[in-house]
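Novice: no sequence on this one, just coordinates:
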């Protein structure tokens with residue numbers, strides 16, 4: 001497993017370089033074909049596309065396995081952050097997030113085939129190449145398959161040293177606030193101006209007040225810009241806002257508050273755009289049943305599995321809107337998106353065994369016939385809300 005994982009890591013695959021996905025996709029597709037899945041690599045229009053694999057025929061019930069080939073690391077990162085194996089640890093760009101998860105997925109499927117164990121719920125695989133940039137092309141396909149699936153198993157890395165499974169993820173919103181003022185000479189006639197920067201300062205304070213650490217709501221103004229020069233009353237200023245929310249109730253409340261911002265400085269107007277584009281993955285009854293199945297599988301392997309909630313998003317946020325979802329089934333390690341990124345090789349086999357047992361689990365209670373994924377089979381995904389809010393005041 002380690003040797004094949006090293007080949008995946010050696011094939012650098014940044015999200016924004018579509019052609020860089022091809023070598024990794026070819027490696028994965030060949031292994032999926034070898035376990036008897038009909039496999040095809042679909043090209044993207046602006047991304048590297050995705051690998052789709054399904055069993056022959058039309059199985060009555062399916063379970064969806066989701067992963068991604070893309071990483072946040074630019075081409076050439078291996079020159080300064082080389083692939084290294086130090087005892088039970090493998091380090092390198094993309095090894096933890098999430099090429100080790102791809103290796104775990106493949107080896108679990110191969111183990112079942114070698115043991116002649118056929119899951120009652122047929123495995124269907126989608127591995128995209130745009131997860132790190134929001135799954136904007138692949139998300140619609142993931143959503144359509146999730147609607148048909150009995151459950152979704154997400155091969156993102158586990159959390160912390162214990163490799164806790166992720167049973168909740170926050171929803172994510174992106175907003176932009178633009179204040180439109182009126183320019184004037186700051187020394188000669190400042191009274192004729194209307195400062196967009198002053199208005200934005202008031203707005204930022206109101207946005208900060210939306211934070212609620214106790215409930216898990218965070219609103220962060222991460223970028224501000226505006227003005228022309230120091231001796232000009234600023235005619236425009238803007239802020240980029242990141243929002244994280246644990247539930248759809250919080251999502252609706254925070255979205256309404258941001259879109260409802262009104263100016264307080266005379267002569268200044270506001271334009272507010274954005275939405276909660278990725279809905280939270282909540283601990284729904286279906287998700288709890290899947291977690292219980294995983295916990296039982298872990299006990300059968302002698303593992304005391306832990307669960308956790310995390311603030312980052314994944315494709316599990318998409319699947320959870322439609323079917324039982326369990327995330328964090330990938331590698332144990334640390335350093336996602338950081339230069340100390342690494343995985344524990346000595347934990348890879350147990351993670352593959354856990355996934356294999358979950359694949360053998362009986363249906364949770366919903367089923368749909370699997371259809372091929374074709375060009376145009378699903379609309380391009382632009383987040384899980386149906387609209388992007390816009391308010392001008």
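Specialist: Now that the structure is in, tell me what you want to look at. Remember, it's a predicted structure, so these values are computed and weren't measured experimentally.

Novice: where do the helices sit along the stretch 201-350 of the chain?
Specialist: For the stretch 201-350 of the chain, the helices defined by DSSP state H, counting those that start in this stretch occupy 248-259, 285-300, 316-319, 348-360.

Novice: which one of those helices lies closest to residue 36?
Specialist: Ranking the helices of the stretch 201-350 of the chain by proximity to residue 36 (CB to CB) places helix 348-360 first, at 13.6 Å. All C-beta spots, glycine's among them, are computed from the backbone N, C-alpha and C.

Novice: What mean pLDDT does the closest one get?
Specialist: For helix 348-360, the mean per-residue pLDDT is 98.

Novice: Check which residues of that helix are buried.
Specialist: 348, 350, 351, 352, 353, 354, 355, 356, 357, 358, 359 (16 or more other CB atoms under 10 Å).

Novice: Ok, stretch 267-276 next?
Specialist: Across stretch 267-276, burial judged by 16+ other CB under 10 Å covers 268, 269, 270, 272, 273, 274, 275, 276.

Novice: Likewise for stretch 328-348?
Specialist: Within stretch 328-348, the residues that count as buried by 16+ other CB under 10 Å are 328-336, 341-345, 347-348.

Novice: before we move on, back to that, the buried residues of helix 348-360 into a markdown table, with extra columns for distance to residue 313?
Specialist: Listed next are those as a markdown table, based on distance: CB to CB, whole Å:
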| residue | distance to residue 313 |
| --- | --- |
| 348 | 25 |
| 350 | 26 |
| 351 | 22 |
| 352 | 25 |
| 353 | 28 |
| 354 | 23 |
| 355 | 22 |
| 356 | 27 |
| 357 | 27 |
| 358 | 22 |
| 359 | 25 |
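
Novice: Looking at the residues you listed, which is nearest residue 93?
Specialist: For those, the nearest to residue 93 is residue 348 (18.1 Å; CB to CB).

Novice: what's the neighbour count on residue 292?
Specialist: Neighbour count of residue 292, defined by other CB atoms under 10 Å: 11.

Novice: And it, how far from residue 354?
Specialist: For residue 292, the distance to residue 354 equals 14 Å [CB to CB, to the nearest Å].

Novice: Look up phi and psi at the most far-flung residue of the chain relative to its centre.
Specialist: Distance from the C-alpha centroid of the chain, by CA atoms, centre = their mean, peaks at residue 188 (51.9 Å). Phi and psi for residue 188, reported as degrees, to the nearest 10, are phi -80, psi -50.

Novice: And for the one 10 residues further on?
Specialist: For residue 198, the backbone dihedrals are phi -60, psi -40 (criterion: degrees, to the nearest 10).

Novice: and it, what is it in contact with?
Specialist: Shown in contact with residue 198 (CB atoms under 8 Å, 6 or more residues apart in numbering): 181, 234, 265, 268.

Novice: if we go to 7 Å?
Specialist: Taking CB atoms under 7 Å, 6 or more residues apart in numbering, we find residue 198 in contact with residue 265.

Novice: ok, back up a step: mind putting the helices of the stretch 201-350 of the chain into CSV with distance to residue 64?
Specialist: Below are the helices of the stretch 201-350 of the chain laid out as CSV (distance: least, CB to CB, whole Å):
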stretch, distance to residue 64
helix 248-259, 22
helix 285-300, 12
helix 316-319, 7
helix 348-360, 11
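
Novice: Among the buried residues of stretch 267-276, which lie within strands?
Specialist: Within the buried residues of stretch 267-276, residues falling in strands by DSSP state E are 269, 270, 272, 273, 274, 275, 276.

Novice: From residue 325, how far off is residue 317?
Specialist: Going from residue 317 to residue 325 by CB to CB gives 9 Å.

Novice: Quick check: neighbours shared by these two?
Specialist: residue 281.

Novice: of those two, who's got more company?
Specialist: Neighbour count, other CB under 10 Å: between residue 317 and residue 325, residue 325 has more, with 31 against 26.

Novice: Contacts for stretch 304-322 next, please.
Specialist: 64, 66, 131, 135, 139, 142-143, 146-147, 152, 154, 156, 159, 162, 164-172, 244, 278-282, 284, 287, 291, 294-295, 298, 325, 327, 384.

Novice: Residue 35 and residue 113 touch, don't they?
Specialist: Yes - shown here, residue 35 and residue 113 form a contact pair, counting by CB atoms under 7 Å, at 4.8 Å.

Novice: Help me confirm that residue 126 is found in a strand?
Specialist: Yes - using DSSP: H, G, I helix; E, B strand; the rest coil, the assignment for residue 126 is a strand.

Novice: So what's the residue count around it?
Specialist: By other CB under 10 Å, neighbour count at residue 126 equals 25.

Novice: try residue 323
Specialist: If we define neighbours as other CB under 10 Å, then residue 323 has 23 of them.

Novice: Give me the distance between the residue nearest to residue 24 when sequence neighbours are not counted and residue 22.
Specialist: Spatial nearest neighbour of residue 24, chain neighbours left out: residue 69 (4.3 Å); criterion: CB to CB, 6 or more residues apart in numbering. For residue 69, the distance to residue 22 (CB to CB) stands at 9 Å.

Novice: Those two: which is more packed in?
Specialist: Using other CB under 10 Å as the criterion, residue 69 and residue 22 rank with residue 69 on top: 30 against 17.

Novice: wait, the more buried one sits on residue 126?
Specialist: No - Residue 69 is not in contact with residue 126 according to CB under 7 Å; the separation is 11.2 Å.

Novice: Need the residues touching each of these two.
Specialist: By CB under 7 Å, 6+ apart, no residue touches both residue 69 and residue 126.

Novice: Excluding chain neighbours, give the residue nearest to residue 31 in space.
Specialist: Nearest non-adjacent residue to residue 31, counting by CB to CB, 6+ apart: residue 106, 4.6 Å away.

Novice: What is the neighbour count of that neighbour?
Specialist: For residue 106, the count of nearby residues is 26 (other CB under 10 Å).
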